[in-house]
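1. need the 3D shape of this:
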Amino acid sequence: MTSATVYDLATKDLDPPLAVVDLAAFDANADDLRRRAAGKPIRVVSKSVRCRALLERALAMPGFEGLMCYSLAEAVWHVEQGTTDDIVVAYPTADHEALRRLAASERARASIAIMVDSVAHLDLVDAALGHGHPEIRVCLELDASWRPLPGVHVGTRRSPVFTPSQASAFARQIVARPGFRLVGVMAYEGQIAGLGDAAGRRLNRAVVGWMQRRSAAELARRRGEVVRAVRAVTDLEFVNGGGTGSLESTGADEVVTEIAAGSGLIGPTLFDGYTRFKPRPAALFALPVVRRPTRKIATLFSGGYIASGPTGPSRQPQPYLPAGLKFLGFEGAGEVQTPVTGRAARNLNLGDRVWLRHAKAGELAERFTHYHLINGDQVERTVPTYRGEQQNFG
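-> Numbers count the residues shown, from 1 in each chain. Below you'll find the model as predicted:
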């Protein structure tokens, strides 16, 4: 039985568009992440899943501990829902209402650490809560980009804290500030974790591989110096690093106590381009054929689920099953219709399903209210995404 037939059979009583998560693939991906982490606990990155049932499934597995949320409001919601009592918010917040909810809940304050990288973030919290507010747990973010030459920046634009002296100075300011407790350090090496080394031409692959090796070595040295400098100021509960694409190098860094990962559970198309691992496609969505404009073209309903990031073909969803389909260059994946062509298109009839993969792991959940969890050729259960629980965290 082909994979397409399995998914079609499992969802035969459901109308597309619909989205499924293959539990066998999800669990196999979790096993592979755990293997690659080599004993370091994995903090599950919520933005790459955006479905509470799947986050809880991952957290119930050995080797996975705590969430990394992208929004403070999201983190407070998870505490209220009882998902976990161990959350790091990966991005600074300017959400005054969420800060007030955090400060008002003893349980939330004990569970959540918010991200800071400047005194201005502390000022913002004080402005939202007033002086004399309850103690807020904070995590200092270190910029993990690679700067091989003056003016050259390779990686994401994140924290202004780059050197051990900057980290030490900021840590002292946090410790001296009433109402704050410094509990962790985080450094996300996006130029390693989020950039595939197997995509593109051979020269490009060689350059990416060279850059990542040099960057990993530089970061391991600098991160160690930063952590030692901060620990000279105060004790730390955790040092977080990495992402799905850098589990091996980040896990090998002795100062790192935990690794963040989430996309590897889902296996989106952007993670096809790595030599170090090959996640199985776990999340798929089905669109129905609604037109046959020519014998060689079948037109699907909807489909323009374009991923965030630099605009280009890599951000489009990709036809997956039946194999051998591709988009038309002129139309691509459209808002209301998506034509596909290729040999398999000739055998598609009105009402048939085409299964596609999203470019990024979590953004598919923003398009669907529910995921149908597939076990073999059956829907084991249907669970709400964030959207299905009427939660929108921006």
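2. number of residues surrounding the closest residue in space to Q316 that isn't next to it in sequence?
-> Nearest in space to Q316, with sequence neighbours left out and distances taken as CB to CB, 6 or more residues apart in numbering, is A333 at 5.1 Å. In this view, the C-beta of every residue, glycine as well, is placed from N, C-alpha and C. Around A333 sit 24 other residues, with neighbours defined as other CB atoms under 10 Å.
3. now A333: how far from G388?
-> Noted for A333: a distance of 23 Å to G388, by CB to CB, to the nearest Å.
4. now do F301
-> According to CB to CB, F301 and G388 sit 20 Å apart.
5. which SSE is immediately downstream of the helix or strand A53 falls within?
-> Assigned by DSSP states H and E, A53 belongs to helix 52-59. Using DSSP H and E, the helix or strand that follows helix 52-59 in sequence is strand 64-69.
6. what sits up against the helix holding A53?
-> The contact list for helix 52-59 (CB atoms under 8 Å, 6 or more residues apart in numbering) reads 21, 26, 30, 44, 46, 49, 64-67, 78, 81, 83-84, 265, 371, 373, 381, 383-384, 386, 389.
7. tell me the confidence at the residue nearest to F285 when sequence neighbours are not counted?
-> Nearest non-adjacent residue to F285, counting by CB to CB, 6+ apart: A19, 4.3 Å away. On pLDDT, A19 comes in at 98.
8. which residues does A19 contact?
-> With contacts taken as CB under 8 Å, 6+ apart, A19 has the following neighbours: A283, L284, F285, A286, L364, A365, R367, F368, H370, Y371, H372.
9. apply 7 Å and report the result again.
-> Neighbour list for A19: A283, F285, L364, F368, Y371 [criterion: CB atoms under 7 Å, 6 or more residues apart in numbering].
10. quick check: the second one touching E366?
-> No - contact between F285 and E366 fails when scored by CB atoms under 7 Å: they sit 11.9 Å apart.
11. neighbour count: the two, which is higher?
-> More neighbours sit around F285 than around the other of F285 and E366, counting by other CB under 10 Å; the figures are 24 against 14.
12. so the more buried one bridges to which residues?
-> Counting by DSSP bridges, F285 is bridged to A19, L356.
13. list the contacts of stretch 26-43.
-> If you take CB under 7 Å, 6+ apart as the criterion, stretch 26-43 is touched by 58, 61-68, 88, 240, 247-248, 251, 256, 258-261, 264-265, 267, 277, 279-280, 282.
14. do the same with stretch 368-382
-> By CB under 7 Å, 6+ apart, the list of residues contacting stretch 368-382 from outside reads 6-7, 9-11, 14, 18-23, 51, 383-385, 387-388.
15. relative to R109, how far out is A365?
-> Remark: distance between A365 and R109 (CB to CB) = 28 Å.
16. neighbour count winner among these two?
-> Residue environment comparison for A365 versus R109 gives the larger neighbour count to A365, 26 against 18, counting by other CB under 10 Å.
17. just to be sure, that one is in a strand?
-> No - using DSSP: H, G, I helix; E, B strand; the rest coil, the secondary structure at A365 is helix, not a strand.
18. what's the burial count for the closest residue to F301 other than its chain neighbours?
-> In this structure, F301 finds its nearest non-sequential neighbour in V290, 4.7 Å apart by CB to CB, 6+ apart. The number of residues packed near V290 is 16, by other CB under 10 Å.
19. report the secondary structure state of V290.
-> For V290, the secondary structure call by three-state DSSP comes out as strand.
20. contacting residues for it?
-> With contacts taken as CB under 7 Å, 6+ apart, V290 has the following neighbours: T299, L300, F301, L350.
21. please redo it, this time with the cut-off set to 8 Å
-> Remark: with contacts taken as CB under 8 Å, 6+ apart, V290 is in contact with T299, L300, F301, Q337, L350.
22. name the nearest residue to the first one, ignoring sequence neighbours.
-> The shortest distance from T299 to any residue other than its chain neighbours is 3.7 Å, reached at R291 (CB to CB, 6+ apart).
23. cool, and the fourth one?
-> Using CB to CB, 6+ apart and skipping residues adjacent in sequence, the residue nearest Q337 is T299, 5.2 Å away.
24. tell me the spacing between that neighbour and W355.
-> Taking CB to CB as the criterion, T299 is separated from W355 by 16 Å.
25. over to I114?
-> Shown here: I114 relative to W355, a distance of 39 Å by CB to CB.
26. these two - which one has more neighbours?
-> Under the criterion of other CB under 10 Å, the comparison of I114 against W355 puts I114 first, with 24 against 21.
27. got the CA coordinates for the one helix or strand that one maps to in CSV?
-> In this structure, I114 sits in strand 112-116 according to DSSP H and E. As requested, C-alpha coordinates have been extracted for strand 112-116 and formatted as CSV (Å, rounded to 0.1, in the frame of the first residue of the first chain):
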residue,chain,number,x,y,z
ILE,A,112,8.6,31.1,33.2
ALA,A,113,11.9,32.9,32.4
ILE,A,114,11.6,35.8,30.0
MET,A,115,14.4,36.8,27.5
VAL,A,116,16.4,40.0,28.0
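28. just want the angle from that strand to strand 64-69.
-> For the pair strand 112-116 and strand 64-69, the angle between their directions (axes from the mean of the first three to the mean of the last three CA atoms, to 10 degrees) equals 50 degrees.
29. ok, which stretches of the stretch 101-250 of the chain are helices?
-> In the stretch 101-250 of the chain, helices defined by DSSP state H, counting those that start in this stretch lie at 106-111, 119-129, 164-176, 190-193, 202-231, 247-251, listed in chain order.
30. lowest-confidence stretch among the ones you listed?
-> For the helices of the stretch 101-250 of the chain, the bottom mean pLDDT is recorded on helix 190-193, which sits at a mean of 76.
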